[in-house]
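# quick one, fold the following:
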Amino acid sequence: GSADWSGQLSVRRRGAAAWPVMATVGEKLGFLHRLPVLMKATSDDEVPCPGYLFVEIAKISHESVGTCQCLLEYLLERLQSNSCNVKLKVLKILQYVCGQSSPQFTLELRRNATLIQEVTGRSRKIKWKLF
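Below is the predicted model:
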């Protein structure tokens with residue numbers, strides 16, 4: 001699947017729950033300014049994600065419901081990459097952000113647990129503290 005950043009933001013994936021509120025155009029535009037941080041944090045290389053980026057990404061999850069939506073959709077999209085490096089970085093980011101994020105982020109991530117299980121190849125429930 002892919003995110004359509006020019007129109008309605010959506011990640012096309014199986015088993016994904018719909019958000020109750022759509023991100024506004026302003027929230028989407030504001031989120032676009034965060035993409036360099038997110039792209040660096042989820043780069044396709046063996047360099048670990050720097051700790052300060054975890055903090056910056058967690059802050060994004062608190063900005064608004066719409067920005068939180070954009071963040072989760074971006075991370076779930078990156079999780080579907082063919083690169084193990086990208087998948088590992090995204091999973092670490094999701095784990096960190098869940099401990100720091102708004103309840104809305106965690107709730108929506110739980111609704112997408114099936115996607116995470118499919119991507120990680122796990123048939124059992126993922127044993128993170130949020131599940």
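# return the distance of the helix or strand bottoming out on mean pLDDT in the chain from the chain's centre.
Between all helices and strands in the chain, the lowest mean by mean pLDDT, DSSP states H and E belongs to helix 113-120, at a mean of 84. With Cα atoms, centre = their mean, to the nearest Å as the basis, helix 113-120 stands 13 Å off its chain's centre.
# also stretch 30-37?
On Cα atoms, centre = their mean, the centre of stretch 30-37 falls 13 Å from the chain's centre.
# could you do stretch 79-92 as well?
On Cα atoms, centre = their mean, the centre of stretch 79-92 falls 11 Å from that of its chain.
# if you count neighbours, what's buried in it?
79-80, 86-91 (16 or more other Cβ atoms under 10 Å). Every C-beta, even on glycine, is put in place using the N, C-alpha and C of the backbone.
# let me have the residues you listed in JSON lines, extended by secondary structure.
Formatted as JSON lines, the buried residues of stretch 79-92 follow (DSSP: H, G, I helix; E, B strand; the rest coil):
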{"residue": "L79", "secondary structure": "helix"}
{"residue": "Q80", "secondary structure": "coil"}
{"residue": "V86", "secondary structure": "helix"}
{"residue": "K87", "secondary structure": "helix"}
{"residue": "L88", "secondary structure": "helix"}
{"residue": "K89", "secondary structure": "helix"}
{"residue": "V90", "secondary structure": "helix"}
{"residue": "L91", "secondary structure": "helix"}
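# could I get these as a markdown table with distance to L107 and pLDDT?
Listed next are the buried residues of stretch 79-92 as a markdown table, based on distance: Cβ to Cβ, whole Å; pLDDT from 0 to 100:
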| residue | distance to L107 | pLDDT |
| --- | --- | --- |
| L79 | 18 | 94 |
| Q80 | 21 | 92 |
| V86 | 24 | 96 |
| K87 | 22 | 94 |
| L88 | 24 | 94 |
| K89 | 23 | 97 |
| V90 | 19 | 96 |
| L91 | 18 | 94 |
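# so how far is P50 from Q104?
26 Å (Cβ to Cβ, to the nearest Å).
# right, I'll call it a day here.
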